[in-house]
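Asks: after the sequence you'll find the predicted model.
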Amino acid sequence: MTTSNSSNKSGPSTLADRALKAWHERGMIVVRFASGHEVSFPTKGNPRLESAPEKDVGLIEISPFGLHWPTLDEDLSFAGILEGRYGQR
């Protein structure tokens, strides 16, 4: 997992921050939070994401608690993502 923010070194808080945008780019899922933080993680290691067609991996819905891929029946919580749990292996 990669996090970045030019203004501050602490990572996003799932309680105080909210996701604005999530997208798939070159084998990575990237999430941008309102604070400016970006978090990314690889699709490799998650069986549903790594084996799915590009169009399905890129179809990401954001909820207050995490990410949802409706065509893949996959859900990942922000808490889990921030702890490095974004796969099922």
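Replies: Cool, the structure landed.

Asks: what about residue 75, which SS state?
Replies: Taking DSSP: H, G, I helix; E, B strand; the rest coil as the rule, one finds residue 75 in the strand state.

Asks: ok, and the closest non-adjacent residue to it?
Replies: Nearest residue to residue 75 in three dimensions, chain neighbours excluded: residue 68, at 5.1 Å (C-beta to C-beta, 6 or more residues apart in numbering). C-beta here means a position set from N, CA and C on the backbone, and glycine is covered the same way.

Asks: can you tell me which residues contact that neighbour?
Replies: By C-beta atoms under 8 Å, 6 or more residues apart in numbering, the residues touching residue 68 are 60, 61, 62, 74, 75.

Asks: for the fourth one, give the beta-bridge partners.
Replies: On the basis of DSSP bridges, residue 74 is bridged to residue 69.

Asks: quick check: it touching residue 49?
Replies: Yes: counting by C-beta atoms under 8 Å, residue 49 is a contact partner of residue 74 at 6.6 Å.

Asks: the two: which is more packed in?
Replies: Using other C-beta atoms under 10 Å, the more surrounded residue of residue 74 and residue 49 is residue 49, with 23 against 18.

Asks: looking at this, the more buried one is in a helix?
Replies: Yes: assigned with three-state DSSP, residue 49 falls within a helix.

Asks: what comes up buried for stretch 23-43?
Replies: Residues of stretch 23-43 classed as buried by neighbour count (16 or more other C-beta atoms under 10 Å): 24, 29-33, 35, 37, 39-43.
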